[in-house]
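Student: need a 3D model of the sequence below.
(chains A, B, C and D)
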There are 2 protein chains.
Amino acid sequence: MKKTDAVAILSALAQDNRLDVFRLLVEAGPAGMPAGHIAASLRLPPSALSFHLDRLREAGLVTVCRNGRSMIYAARFEAMDLLVSYLTDHCCQGRPELCKPKTAQRRGAGQKPEPVR
Amino acid sequence: MKKTDAVAILSALAQDNRLDVFRLLVEAGPAGMPAGHIAASLRLPPSALSFHLDRLREAGLVTVCRNGRSMIYAARFEAMDLLVSYLTDHCCQGRPELCKPKTAQRRGAGQKPEPVR
DNA sequence: TTCATATTTCAAGGGATATTGAAATAAAGC
DNA sequence: GCTTTATTTCAATATCCCTTGAAATATGAA
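Tutor: Numbering: from 1, shown residues only, chains lettered A, B, ... in the order given. Now for the predicted structure:
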């Protein structure tokens, strides 16, 4: 992941309404939900929601597909995984023993050579 | 974690220079590094660095302690862990089977009842 | 075609944020 | 006390971002 991608994701999430939208979509799961439902859930005017969904989409945090008159938005979990990897890259100079014990074991045993904290 | 805390963390990281600073400190590990070294590594003017470190500190992403004339900054990994938990809270309505298989197993087997994706 | 529904686009405003250099503070050494 | 080093504070400028409502687009139904 490039730095510009990470900044885009972080900027997209660093806003009250967008954070709410994204978490709502995370909760909704892969099926996603139509823009209208999001607007109703969060009491957002349609134009504001459209603006925010656009930013989330540009950052790669959500996908869209049309279903009749509705636009179905869904969270892209992959984007968040990549972001976390980017943030923890080269953690503690690659020396897990430097990480505090409690923190070091929080991530469990992944099958990929993920940076261990 | 409250929403305002999450937004603070995300806003703090959603900036080129601050993202560089944080990742440098993640790499440095618990020992941290003095502000001067950060400034030298990233070619940032001292006043700019001070501004950015302050924002990271207010967000709880770094800690500071004085050592002689130097200020030693270190990353607070806990903040990131809490943020990730906040983002994935109630994921897929708590039904792991809704998460895509590949993504669902990415996080390994944590000992906490962490939301599985 | 005409109407109703769902969402996006547009323009304008007010507010927050990053950058810079100079000046101020804080500690260490002579 | 004076000087040097390390970092922060301050003020000014420029830039970017969010919100709002009205108008426009797209689809489905009568």
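Student: tell me the centre residue of chain A?
Tutor: A:Met80 (4.2 Å; C-alpha atoms, centre = their mean).
Student: which of the helices or strands spans it?
Tutor: helix A:77-88 (DSSP states H and E).
Student: mind giving me the packing neighbours of that helix?
Tutor: Applying 3 or more C-beta pairs under 8 Å, 6 or more residues apart in numbering or on different chains; DSSP states H and E, one finds that helix A:77-88 contacts helix A:3-13, helix B:16-28, helix B:77-88, helix B:101-104. Using the backbone N, CA and C atoms, a C-beta is placed for each residue, glycine as well.
Student: mind listing what's buried along that helix?
Tutor: Buried residues in helix A:77-88, counting neighbours by 16 or more other C-beta atoms under 10 Å in any protein chain shown, are found at A:Phe77, A:Ala79, A:Met80, A:Asp81, A:Leu82, A:Leu83, A:Val84, A:Tyr86, A:Leu87, A:Thr88.
Student: nearest residue to the third one other than its sequence neighbours?
Tutor: I take that to be A:Met80. Excluding its sequence neighbours, the residue lying closest to A:Met80 (C-beta to C-beta, 6 or more residues apart in numbering or on different chains) is B:Leu87, at 6.2 Å.
Student: so for the one you found, what's the pLDDT?
Tutor: Looking at B:Leu87, its pLDDT stands at 95.
Student: I'd say it and A:Asp81 touch.
Tutor: No. In this structure, B:Leu87 is not within contact of A:Asp81 by C-beta atoms under 8 Å, at 10.9 Å.
Student: next, count neighbours for the closest residue to A:Leu83 other than its chain neighbours.
Tutor: Distance criterion C-beta to C-beta, 6+ apart; nearest residue to A:Leu83, sequence neighbours excluded, is A:Ile9 at 5.0 Å. A:Ile9 has 24 neighbouring residues, counting by other C-beta atoms under 10 Å in any protein chain shown.
Student: for A:Ile9, what are its contacts?
Tutor: Contact analysis of A:Ile9 by C-beta atoms under 8 Å, 6 or more residues apart in numbering or on different chains lists A:Ala59, A:Gly60, A:Leu61, A:Ala79, A:Met80, A:Leu83.
Student: assign the second one to helix, strand or coil.
Tutor: The reference is to A:Gly60. coil (DSSP: H, G, I helix; E, B strand; the rest coil).
Student: how much space separates A:Pro45 from A:Arg18?
Tutor: Distance, A:Pro45 to A:Arg18, by C-beta to C-beta, to the nearest Å: 14 Å.
Student: ok, those two, which is more surrounded?
Tutor: A:Arg18 (23 against 9).
Student: can you tell me how far the more buried one is from A:Tyr86?
Tutor: Distance of A:Arg18 to A:Tyr86, computed by C-beta to C-beta: 19 Å.
Student: again with A:Gly32
Tutor: Distance from A:Gly32 to A:Tyr86, counting by C-beta to C-beta: 25 Å.
Student: what's the answer for A:Ser50, then?
Tutor: Using C-beta to C-beta, A:Ser50 is found at 28 Å from A:Tyr86.
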